Every structure is written in C-alpha cells, then in structure tokens.
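> Please work out how this folds:
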Amino acid sequence: MGQQINFLKVNHRKISDDEIKAILSKYSLSSVLKLPRIKIKDKGLVDLEDISLGNVIEISRNSFAGESKYYRVVVE
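Have a look, this model is predicted:
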C-alpha cells in the first residue's frame, strides 16, 4: 500500500512579534487578548518548543478548497 497523505492535517506554529503586529493591524485589534484562545495544554501545541502564555499561534488547515489560517492566543 502506498503512502497516504492527510489533506486535513492541521499545522500549528508560533509567530514572531512582527507577524503579530501585522495581524493586529490587519484585523483592527487593539491587543492579542482580542484573539480567540487556545489552551497551553492543547494537543496541537505538544510539538512546539518554547510556548508560553500570551504567545500567538498560527493554525493552518489545508483542504481541497485551499489553505485557511487562524490565529489563537495561548492561555492557561
């Protein structure tokens, strides 16, 4: 059997301060606390290093319709 590719795989990554500023500006947000939340113990964050409260995570989802990006602030 050949290797199967999961098109629905969700990727998480911690974004930089410059990227955070751009996102806040793009969505007219005054603070990262206005973003939806993700818990620090979320299984999607297990493989990421140096994650702490207040970090912003970019979540990328691929589908047949294309890629979608979501942003979440890390909370307890």
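
> Show me what the residue nearest to the spatial centre of the chain is bridged to.
Nearest to the geometric centre of the chain sits E58, at 2.2 Å (Cα atoms, centre = their mean). Note on E58: beta-bridge partners by DSSP bridges are R13, Y71.

> Check what pLDDT it gets.
The model reports E58 with a pLDDT of 96.

> show me what contacts it?
Taking Cβ atoms under 8 Å, 6 or more residues apart in numbering as the criterion, E58 is in contact with H12, R13, K14, I15, E19, K69, Y70, Y71. To be clear about C-beta, it is placed using only N, CA and C from the backbone, and glycine gets the same treatment.

> Just give me the closest of these to L45.
Nearest to L45 among the contacts of E58: H12, at 6.1 Å, using Cβ to Cβ.

> Ignoring the adjacent residues along the chain, who's closest to the closest one?
Excluding its sequence neighbours, the residue lying closest to H12 (Cβ to Cβ, 6 or more residues apart in numbering) is G44, at 4.5 Å.

> What of S52?
S52 sits nearest to V74 (Cβ to Cβ, 6+ apart), 6.9 Å away.

> Which strand or helix spans that neighbour?
strand 66-75 (DSSP states H and E).

> what helices or strands is that strand leaning on?
strand 37-39, strand 56-63 (3 or more Cβ pairs under 8 Å, 6 or more residues apart in numbering; DSSP states H and E).

> could I get the ones you listed as a markdown table with distance to S31?
Below are the helices and strands packed on strand 66-75 laid out as a markdown table (distance: least, Cβ to Cβ, whole Å):
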| stretch | distance to S31 |
| --- | --- |
| strand 37-39 | 13 |
| strand 56-63 | 11 |
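
> returning to that earlier point: how about the strand holding V74: buried residues?
Y71, R72, V73, V74 (16 or more other Cβ atoms under 10 Å).

> what's the answer for stretch 11-25, then?
H12, K14, I20, I23, L24.

> go on, stretch 37-53?
I38, D42, L45, I51.

> OK, contacts around the first one?
To tie it back to what came earlier, the one meant is I38. G44, L45, I57, I59, R72, V73, V74, V75.

> and if you look at Y70?
Counting by Cβ under 8 Å, 6+ apart, Y70 touches P36, E58, I59, R61.
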